[in-house]
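Enquirer: Have a look; sequence and predicted model below, questions after that.
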Amino acid sequence: MAKKDTAADLLRSLREAQGRSLRAVADEVGIAPSQLSRLERGERSHTSLVGRRLAEYYGISLELLDLLEGRIPPDVVEILINHPEEITYLREKYGDIQSGDSLDEQPPLDRVPSR
């Protein structure tokens with residue numbers, strides 16, 4: 001699956017990849033076509049119920065949809081609050097996503113945080 005910047009982008013690309021019409025997907029998911037259209041245009045956020053239905057329909061995780069909308073699971077927030085050093089570890093491991101740097105493009109780290 002290609003990287004998508006928003007839940008709207010992902011939902012639209014998944015539907016289009018299946019060659020399905022907006023009306024057909026909305027009917028199968030049990031929502032109004034206008035609601036799905038607004039979700040795919042990023043004008044509305046999904047509710048947990050609609051998010052679960054869409055995630056199940058497309059075979060993706062609800063957490064992915066939530067993350068793409070900027071929602072971080074409360075347990076993850078709590079972990080990072082209690083262990084802020086893990087943020088540094090994640091950046092070192094996966095690179096600075098914002099600047100496009102990855103660990104492979106950086107010099108080797110002198111110290112790798114213990115896990």
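Expert: Happy to help now that I have it.
Enquirer: Give me the packing partners of the lowest-mean-pLDDT helix or strand in the chain, helices and strands only.
Expert: In the chain, the helix or strand scored least confidently by mean pLDDT, DSSP states H and E is helix 85-94, which has a mean of 92. Judged by 3 or more CB pairs under 8 Å, 6 or more residues apart in numbering; DSSP states H and E, helix 85-94 is in contact with helix 74-82. Any C-beta I mention is one placed from the backbone N, CA and C, and that applies to glycine too.
Enquirer: for the helix it packs on, what is the average pLDDT?
Expert: For helix 74-82, the mean pLDDT works out to 95.
Enquirer: what's next to it, contact-wise?
Expert: Helix 74-82 has contacts (CB atoms under 8 Å, 6 or more residues apart in numbering) with 86-87.
Enquirer: quick one: it to helix 85-94, angle?
Expert: Taking axes from the mean of the first three to the mean of the last three CA atoms, to 10 degrees, one finds helix 74-82 and helix 85-94 inclined to each other by 100 degrees.
Enquirer: Name the residues of helix 74-82 that are buried.
Expert: The neighbour-count check on helix 74-82 (16 or more other CB atoms under 10 Å) flags nothing as buried.
Enquirer: Same check on stretch 21-39?
Expert: For stretch 21-39, by 16+ other CB under 10 Å, it's 22, 25-26, 29, 31, 36, 39.
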